[in-house]
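*Asks:* Okay, here's the prediction I keep looking at, along with the sequence it came from:
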Amino acid sequence: GAVVSQHPSRVICKSGTSVKIECRSLDFQATTMFWYRQFPKQSLMLMATSNEGSKATYEQGVEKDKFLINHASLTLSTLTVTSAHPEDSSFYICSADSGGDQETQYFGPGTRLLVL
Amino acid sequence: GNSVTQMEGPVTLSEEAFLTINCTYTATGYPSLFWYVQYPGEGLQLLLKATKADDKGSNKGFEATYRKETTSFHLEKGSVQVSDSAVYFCALRQSNFGNEKLTFGTGTRLTIIP
């Protein structure tokens, strides 16, 4: 199946710093990428939908200025957590869709963020 | 709006036991239905899917049938293995297009003991 990678897989940062997480589709072009957040032992919460070349669509309650999303190419989307705080500590997962007749989203392995 | 309800875990079974994880949904029209599996420390992997009523998705011994009349998509496996220990998520997507967002259930943690 299609492969989606995330980098880094794990990051620890100090409160107040910004962290960038990359999501790449390795063997297909992703017209749409999704960013999710997962708290321990809970389900995935969709944060935003990212379309290549346009602004991301954020879900209700997600701060646009806090979680910056850039989908600059068909194989790369980035999520930047700005001025991170301990409550931003979570597991961030991206998924990618190739569009067209494809029906399946492919998920990255996730990035665990710990803010001290 | 759309929603997915799945049985709460955790579920603990002995190896070779029969598994059922219930999933029901609320949506308009005919959504596509999915089961995803998340192994410890990893992201989600698609386990199986069904895109229309009465379709049966199957993979790795797991099966689920899209039941429009009961709005259900229960996951079953006849004989579980230790390697099946993971968290299982039921999900729906309103359309057949991959660029539509998925709505997930809360997940069911499954532990298989030897």
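*Replies:* Structure's in. What do you need?
*Asks:* Quick one: low-confidence residue ranges for the chain.
*Replies:* Picked chain A for this. A:1, A:99-103 (pLDDT under 70).
*Asks:* The chain in question should be chain B.
*Replies:* Scanning chain B for pLDDT under 70 picks out B:96-99.
*Asks:* what ranges do the strands span in it?
*Replies:* In chain B, the strands defined using DSSP state E lie at B:3-6, B:11-14, B:19-21, B:23-26, B:32-38, B:44-50, B:56-59, B:62-65, B:75-77, B:86-93, B:102-104, B:108-113.
*Asks:* For the longest one, which residues meet the burial criterion?
*Replies:* What that stands for is strand B:86-93. Buried positions in strand B:86-93, judged by neighbour count with 16 or more other CB atoms under 10 Å in any protein chain shown: B:86, B:87, B:88, B:89, B:90, B:91, B:92, B:93. For every residue, glycine as well, the C-beta is placed using N, CA and C.
*Asks:* Around chain A, which positions in chain B sit nearby?
*Replies:* B:32, B:36, B:42-46, B:49, B:51, B:89, B:96-99, B:101-102, B:104-107, B:109 (CB under 8 Å from any CB of the partner chain).
*Asks:* Filter the residues you listed down to just the buried residues.
*Replies:* B:32, B:36, B:43-44, B:46, B:49, B:51, B:89, B:98-99, B:101-102, B:104-107.
*Asks:* of these, closest to residue B:1?
*Replies:* Nearest to residue B:1, judged by CB to CB, of those is residue B:101 at 11.3 Å.
*Asks:* which one is the closest one nearest to, not counting chain neighbours?
*Replies:* Spatial nearest neighbour of residue B:101, chain neighbours left out: residue A:46 (5.5 Å); criterion: CB to CB, 6 or more residues apart in numbering or on different chains.
*Asks:* Which helix or which strand is home to the one you found?
*Replies:* Assigned by DSSP states H and E, residue A:46 belongs to strand A:44-51.
*Asks:* Wait, the residue nearest to residue B:101 touches residue A:36, no?
*Replies:* Yes. Residue A:46 sits in contact with residue A:36 when judged by CB atoms under 8 Å, with a separation of 5.6 Å.
*Asks:* out of those two, which sits in the more crowded spot?
*Replies:* residue A:36 (25 against 18; other CB atoms under 10 Å in any protein chain shown).
*Asks:* Let me see the contact set for the residue nearest to residue A:62 when sequence neighbours are not counted.
*Replies:* Spatial nearest neighbour of residue A:62, chain neighbours left out: residue A:47 (4.9 Å); criterion: CB to CB, 6+ apart. Residue A:47 makes contacts with A:35, A:36, A:37, A:58, A:59, A:62, A:67, A:79, as judged by CB atoms under 8 Å, 6 or more residues apart in numbering or on different chains.
*Asks:* Tell me which residue is most central in the chain.
*Replies:* Let's take chain A. For chain A, the residue nearest the mean C-alpha position is residue A:35 (3.6 Å; CA atoms, centre = their mean).
*Asks:* wait, I meant chain B there
*Replies:* For chain B, the residue nearest the mean C-alpha position is residue B:35 (3.2 Å; CA atoms, centre = their mean).
*Asks:* Run a quick neighbour tally on residue A:14.
*Replies:* 8.
*Asks:* quick one: buried residues of stretch A:79-86?
*Replies:* So stretch A:79-86, judged by 16+ other CB under 10 Å, has buried residues A:79, A:81, A:84.
*Asks:* State the phi and psi torsions of the second one.
*Replies:* Dihedral angles phi and psi of residue A:81 (degrees, to the nearest 10) take the values phi -90, psi 110.
*Asks:* Could you verify my assumption that it touches residue A:17?
*Replies:* No. Shown here, residue A:81 and residue A:17 do not form a contact pair, counting by CB under 8 Å, at 9.1 Å.
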